[in-house]
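Chemist: Mind folding the following:
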Amino acid sequence: MPEGEIQTDSVINHCIENGKTIYVPQVGAHFELADMDMLKCPAETNFHHEWPRNKWRIPEPPSHLERVVAKPGEIDLIIVPGLAFDAKGGRLGQGKGYYDRFLSKMRKDHAVPRLVGVGLEPQL
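Modeler: A predicted model of the protein is given here:
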């Protein structure tokens, strides 16, 4: 099984080329809190290729980028990573609950964004 994240460059570039707003996850400064926000990204393809990598080797927005945090109701669709998925849409993550907590914040008084799980066939 490959390590790291599923490559989503083609999806990101397609969305940008079609005028969609892209947000990417940024893990909070306090690892123990397992907090995460989604930050608005520049509207240019492959914007993240030069970004610094976090402890999981995932690109995160550099500190000089304007920090525009997504609010409930601003995101229509979230691509959600997972270690495994079941036929009912259940997801097994890495165990810290980053996405679970973020999705809970996004639900307050708003419909839940559509979730699309990404993984490899053996993860289903």
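Chemist: At which residues are the helices of the chain located?
Modeler: Counting by DSSP state H, the segments of the chain that form helices are 9-17, 98-107.
Chemist: Relative to Leu115, which of the ones you listed is closest?
Modeler: With respect to Leu115, and counting by C-beta to C-beta, the nearest of the helices of the chain is helix 98-107 at 7.6 Å. C-beta coordinates here come from the backbone N, C-alpha and C atoms, glycine included.
Chemist: Need the nearest residue in space to the residue most central in space within the chain, chain neighbours excluded.
Modeler: Within the chain, one residue has its C-alpha closest to the average C-alpha position: by C-alpha atoms, centre = their mean, that is Pro25, at 4.4 Å. Nearest-residue entry for Pro25: Met36, 5.3 Å, with adjacent residues in sequence omitted and distances by C-beta to C-beta, 6 or more residues apart in numbering.
Chemist: where in the protein is pLDDT low?
Modeler: In the prediction, the chain carries residues with pLDDT under 70 at positions 1-5, 29-31, 124.
Chemist: one step back: in contact with the residue nearest to Pro25, which residues?
Modeler: The neighbourhood of Met36, defined by C-beta atoms under 8 Å, 6 or more residues apart in numbering, consists of 25-28, 98-99, 101-102.
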